[in-house]
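[1] Predicted coordinates and the sequence they were generated for:
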Amino acid sequence: MTGTTTTTTTTATTAATATFGAVGAAHTRVEGVAKVTGAARYAGEVPYPELAHGWLVLSTVARGRIRAVESAPVLAMPGVVAVLHHENAPRLNGDYTNAFGVPDPIAQIFQHDRVPFVGWPVALVVAETPEQAREAAEALVVEYDEEPHDVVFAAGLPGVYAPESAPAAQKGDLEVELAASAVVVDAEYSTPEEHHNPMEPHAAIARWDGGRLEVVDSNQGSRFVADELAKLFSLDPQSVRVRSEHVGGGFGSKGTRPHSVAAAMAATVLQRPVRVVLTRRQMFSLVGYRSPTAQRVRLGADADGRLRAFDHRAECLTSTVYEFVERAAEFGRAMYDSDAHYSQTRVVPLDVPTPSWMRAPGEAPGSFALESALDELAEKCGLDPIALRARNEPAVGPVSGLPFSGRNLLACFEEGASRFGWADRDPRPGVRREGRWLLGTGTAASTFPVLSAPSTAAVTAEPDGTFTVRITASDIGTGARTALTLIAADALEVAPERIRMRIADSDFGFAMIAGGSMGTRSWAWAIRVAADELRERLALGGGIPPEGITARSDTSQAVGALEQKERHSFGAQFAEVAVDVTSGEVRVRRMLGIFAAGRIVNPLTARGQFVGGMVWGLSMALHEEAHRDRASGGHVGADLAGYHFSAHADVPDIEADWVDDPDPGDPVGIKGIGEIGVVGAAAAIANAVWHATGVRHRNLPIRPDRVLLAGAGGDRDA
Amino acid sequence: MAPTTSSATTSTSSTITLHVNGEKYTLPVDHRTTLLDALRERLDLTGTKKGCDQGQCGACTVLLDGRRAVSCLQLAVAAEGREITTIEGVADGERLHPVQQAFLDLDGYQCGYCTPGQICSALAVIEEHAAGWPSAVTADVRPEAGVPQLTPEEIRERMSGNLCRCGAYVSIVQAVARAAQSSDTRSSDTRSSETKEAAA
C-alpha cells in the first residue's frame, strides 16, 4: 500500500505536538455530516452503467424437491435477461471452512433441487430495471414435489440432542445440593423467534473489473465475505474485492448471505454489473434469526440465599441443513458461585431456516431466564435482589476456576441503586397504584465476554503531515470509524483531524468482523501496534517520501499469547414499569443501565450503544415475536407491521452510564459495548412487572393478552 | 398531470416532470415506478432510503408540498407537479439545517439508514406542532386550548412512524426537541451552522 499522491516531496516528521487524550472525550461521528445530509452511500446505492437488477425467488413449500422451474415464459417478459436456478447455475464449491468453521449452506445457492424450508432461494431473475425484475420474479412458476414438514418448536421434542459444539458444564453433585437446599426455585421460561431486521435490507452490487470480482456489499466484515466468495467461486483470494463503506445496521445478520452470492453469480454469467437487494419479507428466511428457546432453571440455596445448586438447561432449534446453537444456558457460567453447577443447551433440527448470531446470542434469552430466576429466589429468601447477587459473587470463575481480569459487577449495582433510588423500594409486589396503573421496579445483572481476534492494520505517515489508517474494520452504526480515529490519534499523539480512517475494504487485509463485541477491541489493538512501530520509524528522523511511510501490524501472535482469564464486561439494569391489568398494557417508564466495560473510547457514541442495547431488551421483553404457521411452514406477517419492534412511542427516557473499569494487565483496555446493553434488560422489565402485579411472566414477550389472562394480585404465574 | 403529447408516453410508461429540491427533472418512467425508486434509481438521489418498501418503516419519508409522506407508497407519476423535498434539499448549501445539526451533535442516529426519514419527519413534526395540530397524546384537543407543548411524549408519538432498529430513539427525541426550540426562537427558514458542543 502506498500513501496518497502529493506534490510535496518531503516534510518534517516531527508532527506530533498537539492534542492527546482524544480517547475518552465526546466526539461526533466522523461520517456524521454525510449521514444527516443523505450523502452517505450504502451498498445498493453506487451507480454503475449497464447495471442489471436481480430479484430472488424463494421456495413456497417447507420441504420437498423442485420439480420444474418454468423459466421460458419469464424469459419472454420485457427486459428479462436471465433466470438462474439449480439446473443452469454455475457450480459452487461448498467444501470449505470460514473463520467460524463449516459454513451455513444458505450461501450455496442453486446447487441442487432440495428445499429444506419456506424461503429457500430457488431462482434469481435478472432484468434491465427493478420493476421488470420484480414482476418477472413474481410471475415465475416453480413446481415442487412436496414432502411432510415439521416446524413446531417445543421443549422435549424427540429429535433434540446435545451438540458437540456446545458442551455442558458440570461441577459438584447437583441433586445432592438441591436436596440439601432450604429454598429451591424450579421454573420454566421461554423466548420466541426474533429477527434482526436492520433498517437497511441486505444489498450487493457485483461486477468484474480488470480481472477482479468487485463487490459493494452491506456486510459486517468485508474481508470475511471476500474470502468466502473466493472459496465459493473457486477464485484466487486476491481476485476478489469487497467493500462496505456504510452499513445500515447488522446485529449479526450481515455475513455472506445469498444476496452477495447471487449478485456475484449473475455478474459472472452475464459479464455486467448486477445488483441484488433483499426485500424485507425475504430477510425473514435468508439472513438468520434468533432461535426460540425453552429453558428450565433450578436454583437451590441456603436460607440466607447462598447458592448450593445451579442448574440451567435450554433448548433451541436449528434447520435440517446446518447446526446453529443459541447457547442460552451458558450465561451463568461466569456469574454466580455455587457448590454444584450444571448448564447445557440442546438443539432440535426442524424444517425451518437456519438461525444465526443475533445481538447478544445466547446471553439475551439466557439472561432473561436466569436473572428472572434469581429474582424469584430473592423473593423466596426474603432478600433484596441485589443483596442476593452480592452474596453469590465468585472469587474465581465458578466453572473454570480461572481468575477474573476484573469484576466490577457490584460497583455497577451500587452506582445504579443509588441513582435509581433503589434503597426506598418496598419489596412487596402489587401494592403501588396510580390511577389505572400498577407500578413496579426491577433489576437484573448483565455480563458479556471480552474476546479478541487477530487483525491487521496499516498506518501511513503522509508527506502533508496527516496519517492514513487502513483496516478492514466495519462500522455498522457502532461508531467504530470514529472510535478508531480517536485511538489512532492518541497512538500517534496527533489531533484526530489529522487521521484519515479508511475501513471496510477487503484489500486492506484480514481483520475481525464487527461481531461478538470484539471489533473495536481487536481493531484498536492492531492499529496501536502499527502506530507504535510507525512512531519508532519516524523518530529515526529523515523525510517522508511521496508515497509516505507505512507500518503494518498483525496481532495474531499477541492475541494467541493473551493469558487465560475470565474476561468480561458487567452491568446492572434497572427498570420501572406501569401495568394496566384491565387492558393488558405494559409501559416501561424509565430504565437505567450502569456498566463496567473497560475504557470508554467515545462517550457520545458509547452511550448510544448501551442505550440501543437496552432498547433491544425492552423490545424483546414486550414486543418481538415471529409467528410461524404450522400448516404452510412459513411466517405469518413477515414484515415490519406483523413483526413489531420498539418504536418511538414505546421507548421512555433511558439512561446509561459506566463505572471506572481499568484493567492494567490488559494490552488494550477496551472491552466490547455493542451487546451487553441487551443482556439482562428483559429480565429487569419482567421482574418489574412482577413487582407491579405480583405475577411472574416467564414467557416473552409480555403481551397484553398474557397480562390480561394473568390478572393481578396474589402469587401467580403466567 | 402527465403530459399526453409526449412521444415517450406508452401504455406502460410516461414522461413526467418532477420538482425536487427546487430543481426540475424531466424523465420517462415506468408507470409502476414509485416516487422512492424514481428518486433513488433515476435521479441518483439516494439519500431517501428504502427500508421496507411497503409503508411500514418511514425510512423513505420525504416532504410533498411541505407535508411528510412515505415515498414508497406514492407512484412517481402521481407526484408530478408537487414540490418534493428530500434529505438532499434540507441543508442550505454547506450549512446544516438546525434539525440536521441537532442530530449530528446529539448523536441522534447510529447506522444512519433511518436518519434521512427521521429528519424529514422531524421537519414536518415541528411544522405540524407549530400549526396547532394535536396528536394522540395531546391532553386537550379543543382549538381554544392552543398549541400543545412539544413534550418528549408528544415528540415520541408524532415520530412513531419512523422506526430505528439501532434504538437511537432517546437521542433522536432530544435532537428534535432541541431543533424545535431553536426554530421557536428563529424565523422558520433561518439556517444554523453553529457547532454546538456534543452533549453527553
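    The structure has been received and is ready for your questions.

[2] where in the chain is pLDDT low?
    I'll assume chain A. Low-confidence segments of chain A, defined by pLDDT under 70: A:1-20, A:712-718.

[3] should've been chain B
    B:1-8, B:184-200.

[4] check contacts around the residue most central in space within it.
    Residue closest to the average C-alpha location in chain B (CA atoms, centre = their mean): residue B:120, at 2.2 Å. Residue B:120 is in contact with B:61-63, B:68, B:85-87, B:90, counting by CB atoms under 8 Å, 6 or more residues apart in numbering or on different chains. For glycine as for every other residue, the C-beta is placed from the backbone atoms N, C-alpha and C.

[5] what about the residue in the stretch 601-718 of chain A that chain B sits nearest to, is that helix, strand or coil?
    The minimum distance from the stretch 601-718 of chain A to chain B, using CB to the nearest CB, falls at residue A:615 (3.0 Å). Following DSSP: H, G, I helix; E, B strand; the rest coil, residue A:615 is assigned to helix.

[6] burial of it, as a residue count?
    By the measure other CB atoms under 10 Å in any protein chain shown, the count of residues near residue A:615 is 27.

[7] was I right about it contacting residue A:651?
    Yes: checked against CB atoms under 8 Å, the pair residue A:615 and residue A:651 is within contact range at 5.6 Å.

[8] Secondary structure element for residue A:368, which one?
    Using DSSP states H and E, residue A:368 sits within helix A:363-381.

[9] I'd like to know which elements that helix is packed against.
    Counting contacts by 3 or more CB pairs under 8 Å, 6 or more residues apart in numbering or on different chains; DSSP states H and E, helix A:363-381 packs against strand A:183-191, strand A:293-301, strand A:307-318, helix A:385-391, strand A:437-449, helix A:603-622, helix A:681-693.

[10] Could you look over these and pick the most buried one?
    Mean neighbours per residue, mean count of other CB atoms under 10 Å in any protein chain shown, is largest over these for helix A:681-693, with a mean of 30.

[11] What is the helix or strand following that helix packed up against?
    Per DSSP H and E, the first helix or strand lying C-terminal to helix A:681-693 is strand A:695-696. Here strand A:695-696 touches helix A:681-693, strand A:716-717, going by 3+ CB pairs under 8 Å, 6+ apart.

[12] Let's have those in TSV, adding distance to residue A:35.
    Compiled in TSV, the helices and strands packed on strand A:695-696 are given as follows (distance: least, CB to CB, whole Å):
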stretch	distance to residue A:35
helix A:681-693	26
strand A:716-717	46
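
[13] Which residues are in contact with residue A:667?
    Residue A:667 touches A:525, A:558, A:562, counting by CB under 8 Å, 6+ apart.

[14] For residue A:458, I want the exact helix or strand it lies within.
    strand A:456-461.

[15] between residue A:615 and residue A:651, what contacts are shared?
    Contacts common to residue A:615 and residue A:651, judged by CB under 8 Å, 6+ apart, are B:167, B:169-170.

[16] so residue A:22 makes contact with residue A:484?
    No: taking contacts as CB under 8 Å, residue A:22 lies outside contact range of residue A:484: 11.0 Å.

[17] For residue A:412, see how far away residue A:569 is.
    10 Å (CB to CB, to the nearest Å).

[18] Which residue does chain B have closest to chain A?
    residue B:47 (1.9 Å).

[19] now could you export just the CA positions of stretch A:465-485 as PDB?
    Output of stretch A:465-485 as PDB, limited to C-alpha atoms (Å, rounded to 0.1, in the frame of the first residue of the first chain):
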ATOM      1  CA  GLY A 465       1.600  15.700   8.000                       C
ATOM      2  CA  THR A 466      -1.600  13.600   8.000                       C
ATOM      3  CA  PHE A 467      -1.800   9.900   8.700                       C
ATOM      4  CA  THR A 468      -3.800   7.300   6.900                       C
ATOM      5  CA  VAL A 469      -5.100   4.200   8.700                       C
ATOM      6  CA  ARG A 470      -6.200   1.300   6.600                       C
ATOM      7  CA  ILE A 471      -8.000  -1.600   8.300                       C
ATOM      8  CA  THR A 472     -10.800  -3.900   7.200                       C
ATOM      9  CA  ALA A 473     -13.000  -2.800  10.100                       C
ATOM     10  CA  SER A 474     -16.700  -2.300   9.700                       C
ATOM     11  CA  ASP A 475     -18.900   0.500  11.000                       C
ATOM     12  CA  ILE A 476     -22.400  -0.900  11.100                       C
ATOM     13  CA  GLY A 477     -23.600   2.000  13.200                       C
ATOM     14  CA  THR A 478     -21.400   1.300  16.300                       C
ATOM     15  CA  GLY A 479     -19.300   4.400  15.800                       C
ATOM     16  CA  ALA A 480     -16.300   2.200  15.100                       C
ATOM     17  CA  ARG A 481     -14.900   4.600  12.400                       C
ATOM     18  CA  THR A 482     -14.900   7.400  14.900                       C
ATOM     19  CA  ALA A 483     -13.600   5.400  17.800                       C
ATOM     20  CA  LEU A 484     -10.700   4.100  15.800                       C
ATOM     21  CA  THR A 485      -9.900   7.600  14.600                       C
END
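
[20] does the closest residue to residue A:607 other than its chain neighbours count as helix, strand or coil?
    Leaving out its chain neighbours, the residue that sits closest to residue A:607 by CB to CB, 6 or more residues apart in numbering or on different chains is residue A:656, at 5.5 Å. Under three-state DSSP, residue A:656 falls in the strand class.

[21] residues in contact with residue A:656?
    Going by CB under 8 Å, 6+ apart, residue A:656 touches A:592-595, A:607, A:610-611, A:614, A:677.
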